[in-house]
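In: Sequence and predicted structure, then a few things I'm wondering about:
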Amino acid sequence: MNVVASTVTLSVTDPGASSRFFTTHLGFREVLADEEFVVLARDDAAPEVLVRQRDLELPPGPGPVGVLMSFAVTGLGAEYERLRREGADITVPLRREPWGEQVLELTDPNGVVVRLTEWIPPGGS
């Protein structure tokens, strides 16, 4: 088996709101859109993101419970400042863990948590 692409599917109540969040703050672009779904992509190693209308037959909820998307990035300090200026919903401010990882978390309008991480070797800056 050879994996040639990856897609993360998010079922949300407002696909347009998630699409705007991912395109505005995370550099994704819409590659396909319909009334009930949007496919988002980037030109790097990020997986495609399919944001679709939540099945209205299911009981209502505040958002996709337990969904966390994590992206390893470079230049996280600068990204943090950019996201703050843009007014992104930063739910865990930039912090450095003792083992060397820098991390911050954002939450999209549908409750999807996006974690951005960057590895900084211990003793590095």
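Out: Thanks, I have the structure now. As the structure is a computational prediction, the values presented were derived from the model and not from experiment.
In: ok so Phe21 is a helix residue?
Out: Yes - counting by DSSP: H, G, I helix; E, B strand; the rest coil, Phe21 is found in a helix.
In: What ranges in this protein fall below the confidence cut-off?
Out: Within the chain, the stretches with pLDDT under 70 are 1-4, 56-66, 122-125.
In: Quick one: the strands in this protein, in order.
Out: 7-12, 29-33, 37-41, 48-53, 68-72, 90-96, 101-107, 113-119 (DSSP state E).
In: Quick one: closest of those to Tyr80.
Out: Nearest to Tyr80, of all the strands of the chain, is strand 90-96, at 4.3 Å by C-beta to C-beta. Backbone N, C-alpha and C define where each C-beta goes, glycine included.
In: For the closest one, list the C-alpha coordinates in PDB.
Out: The C-alpha coordinates for strand 90-96 follow below in PDB (Å, rounded to 0.1, in the frame of the first residue of the first chain):
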ATOM      1  CA  ILE A  90      -6.600  31.500  20.400                       C
ATOM      2  CA  THR A  91      -7.800  29.200  23.200                       C
ATOM      3  CA  VAL A  92      -4.300  28.200  24.500                       C
ATOM      4  CA  PRO A  93      -1.800  31.000  24.100                       C
ATOM      5  CA  LEU A  94       1.700  30.200  22.800                       C
ATOM      6  CA  ARG A  95       3.700  28.300  25.500                       C
ATOM      7  CA  ARG A  96       6.900  26.300  25.600                       C
END
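In: Thank you, goodbye.
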